[in-house]
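[1] Would you be able to build a 3D model of this:
(4 chains)
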Number of protein chains: 4
Amino acid sequence: MKLFRLTNNGWVGNFAIINNKVYVLLSDPVTALKLYSEGKEVPLGPEVNVNVDELLNRDYTYRGLRFTRPYDPIEVWGSGIVYEVARSRYTEEDVAMIKGKTIYELVYDAERPEIFFKGTANRCVGHGEPIAVRSDSEWTLPEPELGVVIDSRGKILAYTVSDDVSARDLEAQNPLYLPQSKIYNNSCAMGPFLVTPDEVGNPYDLTISMRIIRGSAVVFEGSISTSKMRRRVEDQIKYLIRDNAVPDGTLLSTGTAVIPPRPITLMHGDVVEISITRLGTQRTPVIKLGK
Amino acid sequence: MKLFRLTNNGWVGNFAIINNKVYVLLSDPVTALKLYSEGKEVPLGPEVNVNVDELLNRDYTYRGLRFTRPYDPIEVWGSGIVYEVARSRYTEEDVAMIKGKTIYELVYDAERPEIFFKGTANRCVGHGEPIAVRSDSEWTLPEPELGVVIDSRGKILAYTVSDDVSARDLEAQNPLYLPQSKIYNNSCAMGPFLVTPDEVGNPYDLTISMRIIRGSAVVFEGSISTSKMRRRVEDQIKYLIRDNAVPDGTLLSTGTAVIPPRPITLMHGDVVEISITRLGTQRTPVIKLGK
Amino acid sequence: MKLFRLTNNGWVGNFAIINNKVYVLLSDPVTALKLYSEGKEVPLGPEVNVNVDELLNRDYTYRGLRFTRPYDPIEVWGSGIVYEVARSRYTEEDVAMIKGKTIYELVYDAERPEIFFKGTANRCVGHGEPIAVRSDSEWTLPEPELGVVIDSRGKILAYTVSDDVSARDLEAQNPLYLPQSKIYNNSCAMGPFLVTPDEVGNPYDLTISMRIIRGSAVVFEGSISTSKMRRRVEDQIKYLIRDNAVPDGTLLSTGTAVIPPRPITLMHGDVVEISITRLGTQRTPVIKLGK
Amino acid sequence: MKLFRLTNNGWVGNFAIINNKVYVLLSDPVTALKLYSEGKEVPLGPEVNVNVDELLNRDYTYRGLRFTRPYDPIEVWGSGIVYEVARSRYTEEDVAMIKGKTIYELVYDAERPEIFFKGTANRCVGHGEPIAVRSDSEWTLPEPELGVVIDSRGKILAYTVSDDVSARDLEAQNPLYLPQSKIYNNSCAMGPFLVTPDEVGNPYDLTISMRIIRGSAVVFEGSISTSKMRRRVEDQIKYLIRDNAVPDGTLLSTGTAVIPPRPITLMHGDVVEISITRLGTQRTPVIKLGK
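    Residues are numbered from 1 along each chain as shown, chains lettered A, B, ... in the order given. Presented below is the predicted three-dimensional model:
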């Protein structure tokens, strides 16, 4: 099952795709995912006559309708340094070091993962909605990641395409600026879909690919397989919920491995396109805040 | 515009029909009616691939989906003795009289209409849902009526088929039993649709027809034109809201004129079918409470 | 236990009196009554330093605070012709008759009581708040009654002073006008207190007394004992909830017996004062609507 | 004005202290603070007959009543390295360094402050409620801080005593573990009171003092003046709300300067006592999670 939401004038509707047919979803998305995960019937309405591909592509709107974030997560969390490339990438910078090792190398090798608070529903956008560069950042990058939706006990309810947009210059200046680098308006994108585990299959054989498009040019293109994920998702979740009550429907973004090299940075007017096998393609325009 | 709702396992979805196409309705029905009445855009979702006629007819369910009441009115009110036939019908009984005239004749000729409280959303059912005979009534009749949905200032937002089911024996015994005759579980049916005034046109040239079906037999059949309505709808509304604040979306059932003769009474297992021009056909099975 | 509410600028607080001490009530009133009726602990806050008698009397306000209705009943119902005096009083008028008996005589002698819908919270006022005369009524009377608060199964949770204000001329003109006589803005008063059954004791040895004060004159004074109640409260409740789901906290006003004689009518500026043994004294100013 | 809340069996009541008198507060705390900050009248109920000092001290409960967190903040944020002592304290450890300077020295000297997400209402406790040591931390410290309650535009509505409990060992191991060090169940304490700016006066002449009590011994005692705060509160707020929409009533904990030396750590059964001039004394027992 895939879930998505469409919006029109601030009103939102829930939909489900099952066997290539699109249905009205009568419950909220998290309830539907919980019912589905327990093998119970999901409350479907009638079939919907919509060409989802067209709606995803046609400049993001169709008869006033457009995609929006697939649900409203109460809490969004992220993981860091989950892939080998993330560790080594950061060692090229003047990053913080402890006893001769960078903090990224240390966390990569440690048992405990890096887990951070990423935001709340109001800071998240969906397919076709703008992600942002902070007004005080000159170097901001998208981080294309496998997102997992969990219940309060850590059970995986769904997967999604997640973009953990980060002000890299703040973070590089001092790891203590990580929250400011990570948590701000329009700093998180998710969707277009929530996809249940049965449709995703093995989460470690997915290809995450990203393109940054500026005008008619592709200024960055890269991809990686989730098979390169060193830190397993279950392990990340274990630490996230240890002594830390999270609500049903918490979104965890499981770390990036596609990292545009310097001097690439997101600029106002760019479009970021992220695809993950079986999870679809998320396209988001970029805005610079304070403009 | 026509609005209707479908239910599945207790969850409910809102839909709109415009130009013979069915759309997901993203707002609640009363908000949609208010927007429509003000000439504003109603928040529609995508087109729905459903054969409404089939859904209305196929034994009331289709893939777990069935019609339900088209919205949840906070208050439902009714009018009485609006048609000439109602006045004269009741004069055949031993009804209450004041100075030689029955109370029905008196109200028929009076300036002030009979207006009564009919119930709340939880006492109302929709197309395909059971209306009821009180456990202590031996003579209960459906009352097929033109229903109007108004806002708090009395503006007509929509019309619907309404059934003001009444325990006629209680009412006939003493007019002081009218509330017990009128207000009880499953005593009110509405729908299948809410239809906006522009689609209804002249509300005084509609035909209201009713059939009571018992097994394979039609035990009653009758019809009347709303042109026979002596008490205009606007006049009823004027008295309803005089010194009496009603909420947006109040339903007023505007009086019956199709009255099955004695000894006809609703019985457990009957089906009542009410049609009104341009408003559709409502079919409801009958249950006897306390069974 | 006695419960009451105070209001200031539209905000409302709940309070409980136990053993002559006043406490903040931390739950809503109906929850508190249900807990109390089940022998469970009511969630009390600290003791409140307020002279309740002074607050009841001092022109209804004290430091911006004043009494308001003791809770928000979702539904209010009334009973009629419960006392012998009610029956005979009405027989003096030209009331509706069936086969030589007035409808009031008939209901008085019948097994089935008269039960009617009286309104909703927004139509009810509390101690010190204005009750109203309809703009189109020239003869409106207060009806001082014993009010009972019940749960959805009919269990009595509390008693209160209730005033079923009625447009007597509408009702006298035609019993079909009863709903318009009974249900309108500010047509119901309750309080000052909700009093639990253990503090009330025998509900059939209470004295209900009423005074209508106009300027410095008492234009009516009367009283009756609830021992004169022919229709027992439990019997009324039995009919109210028969086949009729009512919500927890439904208020039933159990019928009047103190009836000012003609030509007395409530007038703008009057004050109605109703006392019931162990339930306190309710005073409400009178307004004429449409003025 | 001081605001506080009391709880009994899960139910909560709001109270205000004005001129040494305690009143029932009829609105929620954040609304009251907003009204007060705009010079509008706060909706007070009657005076409450409670000895606040006794209630604060008597083993935390009085007739079933006890203090709880003074409100439910939707978001709690913290600042770090605000005082000189914080910077130098951490340089003794093997902390992360960038080009020869510790990350704490760097942030201390930088224009941009350290701002981090600290949690949500459900992770916060009030006076008398337990703060916690993570099950996987061996070195956890309280951080006594001046807390400020702001509206969505950054205006200071109130001050409070705040305890930013932190798993120091996680944080010391790697700054990337800061969120796990800071955000977990019972990791934040606030109160007993919210105190409006007019009662606090100059926020930079307050003394913050803390004692850690183990059995009958005081194992740590320390204090500092907020005059030593290098990073002004307004400056912290400026960065918190830059490009980052926070809700009305957000709590910001403005950094610690009272830091118990090694090997002191909080242990199950300890009591932490934090006092701030004019803001009162907060006492919280300590529990070890997973026990």
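[2] CA only for contacts and neighbour counts going forward, please
    Fine.
[3] which residues touch the one residue in the stretch 1-150 of chain A that gets nearest to chain B?
    Going by Cα to the nearest Cα, chain B is nearest to A:Val48 of the stretch 1-150 of chain A, at 4.2 Å. Contacts for A:Val48 (Cα atoms under 8 Å, 6 or more residues apart in numbering or on different chains) come out as A:Lys21, A:Val22, A:Tyr23, A:Val24, B:Pro46, B:Glu47, B:Val48, B:Asn49, B:Val50.
[4] Okay, and the beta partners of the first one?
    Each beta-bridge partner of A:Lys21 is listed here, defined by DSSP bridges: A:Ile18.
[5] separation between it and C:Glu199?
    Here A:Lys21 is placed at a distance of 64 Å from C:Glu199 (Cα to Cα, to the nearest Å).
[6] swap in A:Ala121?
    Distance from A:Ala121 to C:Glu199, by Cα to Cα: 51 Å.
[7] Just want to know which of these two has more residues nearby.
    A:Ala121 (17 against 14; other Cα atoms under 10 Å in any protein chain shown).
[8] Next, give phi and psi for the more buried one.
    Dihedral angles of A:Ala121 (phi, psi; degrees, to the nearest 10) stand at phi -50, psi -40.
[9] Quick test: name the residue nearest the centre of chain A.
    Centroid-nearest residue in chain A: A:Ser162, 1.1 Å away (criterion: Cα atoms, centre = their mean).
[10] So for the residue nearest to that one when sequence neighbours are not counted, what's the pLDDT?
    Nearest-residue entry for A:Ser162: A:Met190, 4.5 Å, with adjacent residues in sequence omitted and distances by Cα to Cα, 6 or more residues apart in numbering or on different chains. On pLDDT, A:Met190 comes in at 98.
[11] show me what contacts A:Met190?
    Counting by Cα under 8 Å, 6+ apart, A:Met190 touches A:Arg69, A:Pro70, A:Cys124, A:Val125, A:Gly126, A:His127, A:Gly147, A:Thr160, A:Val161, A:Ser162, A:Asp163, A:Gln282.
[12] distance of it from B:Arg211?
    Between A:Met190 and B:Arg211 the computed distance is 54 Å (Cα to Cα).
[13] what's the answer for A:Thr281, then?
    In this view, A:Thr281 and B:Arg211 are 55 Å apart by Cα to Cα.
[14] With A:Asn244 instead?
    Distance, A:Asn244 to B:Arg211, by Cα to Cα: 62 Å.
[15] Those two - which one has more neighbours?
    It is B:Arg211, of A:Asn244 and B:Arg211, that has more neighbours when counted by other Cα under 10 Å, with 21 against 17.
[16] Surely the more buried one touches B:Ala217?
    No: counting by Cα atoms under 8 Å, B:Arg211 stays clear of B:Ala217, with 10.1 Å between them.
[17] Residue numbers of chain A in contact with chain B?
    Contact residues (Cα under 8 Å from any Cα of the partner chain) of chain A with chain B: A:6-9, A:11-13, A:24, A:26-27, A:43-50, A:65.
[18] Tell me which helix or strand in chain A has the weakest average pLDDT.
    Every helix and strand in chain A was compared by mean pLDDT, DSSP states H and E; the lowest is helix A:84-91, with a mean of 76.
[19] Show me what it is packed against.
    Applying 3 or more Cα pairs under 8 Å, 6 or more residues apart in numbering or on different chains; DSSP states H and E, one finds that helix A:84-91 contacts helix A:103-109.
[20] Provide a list of residues in contact with the residue of the stretch 151-291 of chain A found nearest chain B.
    Nearest to chain B in the stretch 151-291 of chain A, going by Cα to the nearest Cα, is A:Pro192, at a distance of 16.3 Å. The contact partners of A:Pro192, taken as Cα under 8 Å, 6+ apart, are A:Phe4, A:Phe67, A:Thr68, A:Arg69, A:Pro70, A:Gly126, A:His127, A:Thr160, A:Val161, A:Gly280, A:Thr281, A:Gln282.
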